[in-house]
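[1] Have a look at this prediction, sequence included:
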Amino acid sequence: MPIQYYIFFCLTLFSIGVVGVLTRRNAIIVFMCIELMLNAVNLLLVAFSKMHSGAALAVSPTSTAGIDAQIFVFFIMVVAAAEVSVGLAIIVMMYRNTHSTDINFLNRLKN
Amino acid sequence: MSILEILFFALSAFAIVSAIMVLVSKNPIHSVLWLILVFFAISGHYILLNAQFLAIVNIIVYAGAIMVLFLFVIMLMNVQSDKEPQKKLLTKFIGVLSGGSLLILLIALVKQTTQLQGKQVLMKEGTIGLIHPLGKALFNDYVLPFEISSVLFLSAMVGAVIIGKK
């Protein structure tokens, strides 16, 4: 499978996430679109890792090139899990104060 | 067309349609359920690439833990879809326009890149995605970041409890 197909697919998912962040006002949906963007990047990292692995395996059959990208994806998932727990706690606190999850409420941080 | 290509295109179309449905759904619970389908499609892609460890972790962590957390929060808040704030139509149109231009720009960029021409992704072969080599790399070369991530989790836990208690 050419690497371009994977890049196009991941770019489409990423752009859908960007559109979601720009067009929705519910903080939870915005947060979910950020997760979608993270996942698109994860898939692209794995695809590039397999691309390098395939090129290295053709030279030496015992090479482990490309394994760093998969570890990196693992750490991205770890950080995303920590980020979601804190972010959702912030959204719950925001809901308790205003009884809505409208992100325009955060405009008040300006003054 | 080989079976791998059919699976690739089917999973990609499924993921893109589900991702669009995440945005279009009025009810936040439906959005969460569509997003879980996107994550399952991405896990299918990982299996096609023989990254079995990441496929399982993606299902357990994302589709299992994180999305259940989202569902809990949405059900806790009792959000009504008819009272939900909507952006103005013009703002939505501009958002879609800028996202679409970003997509077109990046696709044009990738199409012009000569370094990527003819590069192939290794499908369903190779052992680097299995647990054995990944575990060896994680506990030899990356043991310090692995331990630091536990501190990150501890601080995230403390932060979530403190924010939630107020």
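    Sure, I can see it.

[2] contacting residues around the residue nearest the centre of chain B?
    Residue closest to the mean C-alpha point of chain B, counted by C-alpha atoms, centre = their mean, is B:F39 at 5.6 Å. B:F39 is in contact with A:39, B:58-59, B:62-63, B:67, counting by C-beta atoms under 8 Å, 6 or more residues apart in numbering or on different chains. Glycine gets a C-beta too; all of them are placed from N, C-alpha and C.

[3] now with 10 Å?
    A:35-36, A:39, B:15, B:18, B:58-59, B:61-64, B:66-67 (C-beta atoms under 10 Å, 6 or more residues apart in numbering or on different chains).

[4] Repeat that for B:A15.
    A:9-10, A:12-13, A:16, A:36, A:39-40, A:43, B:37-42, B:44-45.

[5] List the buried residues of the helix or strand containing it.
    According to DSSP states H and E, B:A15 maps onto helix B:3-24. For helix B:3-24, the neighbour count (16 or more other C-beta atoms under 10 Å in any protein chain shown) marks B:7-8, B:11-12, B:15-16, B:18-23 as buried.

[6] quick one: the helices in chain A?
    Using DSSP state H, the helices of chain A run over A:3-23, A:27-59, A:67-98.

[7] Return the list of helices and strands in contact with the shortest one.
    Here helix A:3-23 is seen to pack against helix A:27-59, helix B:3-24, helix B:28-48, helix B:89-112 when contacts are counted using 3 or more C-beta pairs under 10 Å, 6 or more residues apart in numbering or on different chains; DSSP states H and E.

[8] which regions of the chain lie under the pLDDT threshold?
    Let's take chain A. Nowhere does chain A drop to pLDDT under 70.

[9] my question was about chain B
    Residues of chain B meeting the criterion pLDDT under 70: B:79-85.

[10] Same list (the helices of chain A) but as CSV, adding mean neighbour count.
    Output for the helices of chain A, formatted as CSV (neighbours: other C-beta atoms under 10 Å in any protein chain shown):
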stretch, mean neighbour count
helix A:3-23, 21
helix A:27-59, 21
helix A:67-98, 18
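
[11] Looking at the ones you listed, which is nearest to B:F146?
    When those are compared by C-beta to C-beta, helix A:67-98 sits nearest B:F146, at 8.3 Å.

[12] does chain B sit close to the closest one?
    Yes - judged by C-beta under 10 Å from any C-beta of the partner chain, helix A:67-98 and chain B are in contact via A:67-75, A:77-93, A:95-97.

[13] List the residues that contact the residue nearest the centre of chain A.
    With distances taken as C-alpha atoms, centre = their mean, A:L38 lies nearest the centre of chain A, 0.5 Å away. Residues near A:L38 by C-beta under 10 Å, 6+ apart: A:14, A:17, A:73, A:76-77, A:79-80, A:83-84, B:62.

[14] how close does it get to A:L13?
    Distance, A:L38 to A:L13, using C-beta to C-beta, to the nearest Å: 10 Å.

[15] give me every residue that touches B:Q120.
    A:1-3, A:50-51, A:54-55.

[16] just curious, which of those residues is nearest to B:L138?
    A:K50 (18.2 Å).

[17] wait, the closest one sits on A:I3?
    Yes - A:K50 is within contact range of A:I3, at 9.0 Å (criterion: C-beta atoms under 10 Å).
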